[in-house]
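> Here you go, sequence then predicted model.
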Amino acid sequence: MFYKTTILSLLLTSSIIAGNHGFEYEGVAVKTVDTNGKIKQVVVKRDIPKECTKVPISNTMLWTGNYANAKVPDACKSTYVSTKGKLLPMHLHEDIDTYGELEVLAFIKEMQENDSMMLVDGRKEEWYHYRTIPGAVNMPFHHFKERQSYEFEFEHEIQRLGVKINEDDTFDFTKAKTLTVFCNGPWCSQSVALIIALLDIGYPAEKIKWYRGGMQTWLAAGMTSTRE
């Protein structure tokens with residue numbers, strides 16, 4: 001735990017010192033599977049169009065009317081539905097860390113050389129295939145929440161998480177992976193439902209990280225997704 005925390009701190013500190021040439025702009029090379037089933041390499045980073053770097057940061061430019069001044073180029077604006085779901089607390093559990101974008105990116109970077117880590121998209125399959133964070137694995141929340149109705153899917157996916165199912169139907173979490181779980185946004189309860197379901201079967205809370213911002217905050221920050 002100390003080692004991982006130290007690595008994360010170093011990555012975040014170096015990004016702050018480097019300014020606009022920091023961690024989120026350099027990015028992390030990730031192998032992902034596209035919609036045609038082909039493996040390709042994607043650099044996950046903050047994709048900021050060149051014209052956006054010239055937009056001055058001021059109240060007038062950033063917050064006019066519906067947030068963005070008419071003079072701000074369309075490429076620099078993001079519009080999302082923000083009236084769905086229910087806002088979630090910042091902390092779900094005393095032993096579960098809540099992550100922001102830089103922590104997720106640092107997690108993805110370390111994950112490339114550590115197969116005991118997994119980025120988990122807890123949404124249903126159609127959402128995952130439409131757009132997700134490169135490198136994420138789909139673990140639909142309802143396969144865990146309603147595991148008795150999805151017995152085959154649950155058993156397959158829980159084993160992918162490094163959990164062994166014993167003959168007496170108990171679970172061995174000795175080799176359980178460290179997870180970062182996300183869904184659609186800070187108003188989306190699907191990642192929470194997945195996390196609660198994992199805790200219910202005894203998954204170690206200290207091996208679960210929660211990206212509360214999810215896809216909405218990820219895209220709003222200009223981060224790379226699987227949909228171009």
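Done, it's in.
> Looking at Pro89 now. What's its pLDDT?
In this model, Pro89 is scored at 95, pLDDT.
> I'd guess Lys109 is in a helix, am I close?
Yes: the assignment for Lys109 (DSSP: H, G, I helix; E, B strand; the rest coil) places it in a helix.
> The residue nearest to it when sequence neighbours are not counted bridge partners, please.
Excluding the flanking residues, the one nearest Lys109 by Cβ to Cβ, 6 or more residues apart in numbering is Val28, at 4.4 Å. C-beta here means a position set from N, CA and C on the backbone, and glycine is covered the same way. With DSSP bridges applied, Val28 shows beta-bridge pairing to Val44.
> Local confidence estimate at Val28?
You'll see Val28 listed with a pLDDT of 92.
> ok, now which ones touch Met223?
By Cβ atoms under 8 Å, 6 or more residues apart in numbering, the contact list for Met223 reads Glu24, Val44, Lys45, Arg46, Asp47, Glu101, Leu105, Ile133.
> So which of these are in strands?
Val44 (DSSP state E).
> Gln112 versus the residue nearest to Lys109, what's the distance?
Distance of Val28 to Gln112, given as Cβ to Cβ, to the nearest Å: 7 Å.
> Would you mind telling me which of those two has more residues around it?
Val28 (22 against 13; other Cβ atoms under 10 Å).
> residues in contact with that one?
Val43, Val44, Lys45, Leu105, Ile108, Lys109, Gln112.
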